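> okay, here's the prediction I keep looking at, along with the sequence it came from:
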Amino acid sequence: MRRFLAFGCCLGLVGVTVLVAPGADVSPNPADLAIPAAVNARAQQLVEQLGSDVFAEREDAERELAQMGRWARPALWHGATKSPDPEIRHRCTLLLPHAEAQELQARVETFLADTQGEYEHDLPGWKTFLALVRNDFRLFGYTFPGDRSLDKAAKTVFTGLIANRDNRRLVFAAAQRDFDFCTRVWERRVELYNRKYGRIPGVDRREPTLSEITVLLFAEALVPNVYPARNTSISALLTASGFVAAANRDTDEGRVYRAIATAWLMSRRDPREMYYAMTIAGNLNLPDELCTIAVKLLTTPGALATYRGRAASNLILYGNEKHLPLLEKMLDDTTVVFTLRLNTLNDDGQTTLQSYEIQARDMALAVAIQLTGQNLKDYGYTDRYGTTSEYDRTYAYSRFYFKTPEARALAFQKWHNWQKKHRPQ
């Protein structure tokens, strides 16, 4: 009976490091990586020989396939996944990681050799990265490229990203996005955060690099439903890495960084993440993105009142009438987001504690009123500070309220009347 024999040296090649420095003779054309038909045919013969009844023949075939490296990859993959012979499947499975590693190395070197960006490359993660930078969009199953003018700068930035081993692992994993990719992304943020603050035993404390943060933002943009630990704020990492400064440069590379940041900003779903994302969008001079996040946060059920209040203030400061349709669904939301308690002086000189509910729709209406250049006091809002000055474009959810349900009803009726007159459907 044949025995399953492990080809020991292959086990040590599973973690082979992918090189990122092409030699002088490396072709930039991915087509040159194609395996010649004769070589592929020889590899297929050797794979079949792995099932020979003669032990020496099996060993010879395994040795020659190992020497072929990436040239044997298609034949090894077929043998590992399709062969009915368990001996062939076993030996091909052991040989395949080495061949895969060499294939990836060759593709990376070809990518780096294409300094003029003349060819299409199928390097893991590259097309996804480029799609985010271009802001490609899909319609009816077709992909339409966005801004192609950044292709060369995107390649330059991407090349720098994969020069680091840890970055490379996460970028290449992004191409597959398997079941544990979300965990890898989450763990990477925690690792960078803990390293920044010296929380990893035996590891020197250091700030995250620009490339590390760029890769993290890229990866997180692909998994918007992963909510990081509450003590790992992305803001601290961005500032320390110099990402904001790089993204604000008036260069093509700066626009690439802003594009990755924009993809990350637009992917946020967690209220706390959106809260910090508004500040990041402001620091990156992205007012439209800031307003989009503000509307999303303002209309997120269950978000903290402080978060929604900040969103309302930002929308008033940076928004305009084009954001009104996004607020409409909130105008019927009676959720109480804050209860204001004030001491009221009675006629007899005594004080009484009065409670006033501030509803989600009250906040939305206040934003809508100010975005249209109107005045809160004209709609019956009461200022808890009793100011008599004209309201400017500022808002605090704990400051303006309705004294009675009737005052609220009149305010919404006034708004509906204004809409009919100024924004007829």
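Noted; the coordinates are in hand.
> show me what counts as buried in stretch 163-179.
For stretch 163-179, the neighbour count (16 or more other C-beta atoms under 10 Å) marks 164, 167-168, 170-175 as buried. For every residue, glycine as well, the C-beta is placed using N, CA and C.
> now do the strands in the protein.
137-139, 142-144, 336-345, 351-359, 382-383, 400-401 (DSSP state E).
> point out the most buried one among those.
Mean neighbour count, computed with mean count of other C-beta atoms under 10 Å, is highest for strand 400-401 among the strands of the chain, reaching a mean of 22.
> within the sheet, what are the partner strands of that strand, with directions?
Under the criterion DSSP bridges, strand 400-401 sits next to strand 382-383 (antiparallel) in its sheet.
> measure residue 311 to residue 113 for me?
48 Å (C-beta to C-beta, to the nearest Å).
> and for the residue nearest to residue 314 when sequence neighbours are not counted, the neighbour number?
Distances taken as C-beta to C-beta, 6 or more residues apart in numbering place residue 294 nearest to residue 314, at 4.5 Å, with adjacent residues excluded. When neighbours are counted by other C-beta atoms under 10 Å, residue 294 registers 29.
> and the pLDDT for residue 294?
Predicted confidence (pLDDT) for residue 294: 93.
> any idea how far it is from residue 327?
From residue 294 to residue 327 the distance is 10 Å (C-beta to C-beta).
> could you check which of residue 311 and residue 113 has the larger neighbour count?
For residue 311 versus residue 113, the count of surrounding residues by other C-beta under 10 Å is larger for residue 311: 28 against 18.
> return the residues in contact with that one.
Applying C-beta atoms under 8 Å, 6 or more residues apart in numbering to residue 311 gives the contacts 274-275, 278, 293-295, 297-298.
> which two among those are spaced furthest apart?
275 and 295 (13.5 Å; C-beta to C-beta).
> domain ranges for this protein?
Domains of the chain are assigned by automatic domain parsing as 8-19+33-113, 126-267, 326-422.
> mind putting those domains into a markdown table with distance to residue 304 and mean pLDDT?
As requested, those are arranged in a markdown table below (distance: least, C-beta to C-beta, whole Å; pLDDT from 0 to 100):
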| stretch | distance to residue 304 | mean pLDDT |
| --- | --- | --- |
| domain 8-19+33-113 | 44 | 86 |
| domain 126-267 | 12 | 87 |
| domain 326-422 | 9 | 87 |
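> adding distance to residue 320, write those out as TSV.
Below are the domains of the chain laid out as TSV (distance: least, C-beta to C-beta, whole Å):
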stretch	distance to residue 320
domain 8-19+33-113	43
domain 126-267	19
domain 326-422	6
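> wait, which of the strands of the chain is closest to residue 201?
Closest to residue 201 of those is strand 336-345 (C-beta to C-beta; 42.9 Å).
> now do the closest one: everything it contacts.
Counting by C-beta under 8 Å, 6+ apart, 305, 308-309, 351-360, 363, 384, 397-398, 401 sit against strand 336-345.
> 10 Å instead?
Contacts of strand 336-345 with the rest of the structure, by C-beta atoms under 10 Å, 6 or more residues apart in numbering, involve 298, 302-309, 350-363, 382, 384, 397-401, 403.
> for stretch 41-56, same thing?
For stretch 41-56, contacts defined as C-beta under 10 Å, 6+ apart pick out 2-3, 5, 35-36, 57-65, 68, 71-80, 83-92, 95, 99.
> for the residue lying closest to residue 299 once chain neighbours are set aside, what are its contacts?
Closest residue to residue 299 apart from its sequence neighbours, by C-beta to C-beta, 6+ apart: residue 330 at 5.3 Å. By C-beta under 10 Å, 6+ apart, the contact set of residue 330 is 295, 298-299, 308, 312, 359-365, 367-368.
> tell me the two of those residues that are most distant?
Distances among these were taken as C-beta to C-beta; the most separated pair is 295 and 359, at 17.4 Å.
> for the nearest residue to residue 279 once chain neighbours are set aside, give its distance to residue 282.
Nearest residue to residue 279 in three dimensions, chain neighbours excluded: residue 235, at 6.5 Å (C-beta to C-beta, 6+ apart). Noted for residue 235: a distance of 11 Å to residue 282, by C-beta to C-beta.
> swap in residue 55?
Where residue 282 is concerned, residue 55 sits at a distance of 70 Å (C-beta to C-beta).
> between those two, which one's more packed in?
Legend: neighbour count by other C-beta under 10 Å for residue 55 and residue 282, higher for residue 282 (15 against 11).
> I figured that one hits residue 313, correct?
No - Residue 282 is beyond contact range of residue 313, at 11.7 Å (criterion: C-beta atoms under 10 Å).
> common neighbours of the two, please.
Contacts common to residue 282 and residue 313, judged by C-beta under 10 Å, 6+ apart, are absent.
> which parts of stretch 371-378 are buried?
Neighbour-count burial for stretch 371-378, counted by 16+ other C-beta under 10 Å, picks out 371, 374, 376-377.
> including distance to residue 317, could those go into TSV?
Formatted as TSV, the buried residues of stretch 371-378 follow (distance: C-beta to C-beta, whole Å):
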residue	distance to residue 317
371	10
374	16
376	15
377	19
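> just those now: which is nearest residue 133?
For these, the nearest to residue 133 is residue 371 (31.7 Å; C-beta to C-beta).
> which residues touch that closest one?
Contacts of residue 371 (C-beta under 10 Å, 6+ apart): 291, 315-316, 319-324, 327, 393.
> at 6 Å what do you get?
319, 321 (C-beta atoms under 6 Å, 6 or more residues apart in numbering).
> I'd like the numbering to begin with 7 instead of 1 from here.
Let's use 7 as the start, then, which means that last one is residue 377.
> could you measure from it over to residue 421?
Counting by C-beta to C-beta, the gap from residue 377 to residue 421 is 12 Å.
> closest to residue 157 among the contacts of residue 336?
residue 301 (31.7 Å).
> okay, now the closest one: neighbour count?
Neighbour tally, residue 301, other C-beta under 10 Å: 23.
> where's the residue nearest to it when sequence neighbours are not counted relative to residue 402, distance?
Among residues not flanking residue 301 along the chain, residue 332 sits closest, at 4.3 Å (C-beta to C-beta, 6+ apart). Counting by C-beta to C-beta, the separation of residue 332 from residue 402 is 21 Å.
> please apply the same query to residue 342.
Distance from residue 342 to residue 402, by C-beta to C-beta: 17 Å.
> check contacts around residue 131.
Residues near residue 131 by C-beta under 6 Å, 6+ apart: 177-178, 180-181.
> what of residue 135?
residue 164.
> can I get stretch 90-107 in CSV, CA atoms only?
Provided in CSV are the C-alpha atoms of stretch 90-107 (Å, rounded to 0.1, in the frame of the first residue of the first chain):
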residue,chain,number,x,y,z
PRO,A,90,-9.6,11.3,-7.5
ASP,A,91,-6.3,9.9,-6.3
PRO,A,92,-5.8,10.8,-2.6
GLU,A,93,-2.0,10.5,-2.9
ILE,A,94,-2.0,13.0,-5.7
ARG,A,95,-4.2,15.4,-3.8
HIS,A,96,-2.1,15.1,-0.7
ARG,A,97,1.3,15.8,-2.4
CYS,A,98,-0.1,18.6,-4.6
THR,A,99,-1.6,20.3,-1.5
LEU,A,100,1.9,20.3,0.1
LEU,A,101,3.6,21.6,-3.1
LEU,A,102,1.0,24.3,-3.9
PRO,A,103,1.9,26.9,-1.3
HIS,A,104,5.4,27.3,-2.7
ALA,A,105,4.2,27.6,-6.2
GLU,A,106,1.5,30.1,-5.1
ALA,A,107,4.1,32.2,-3.3
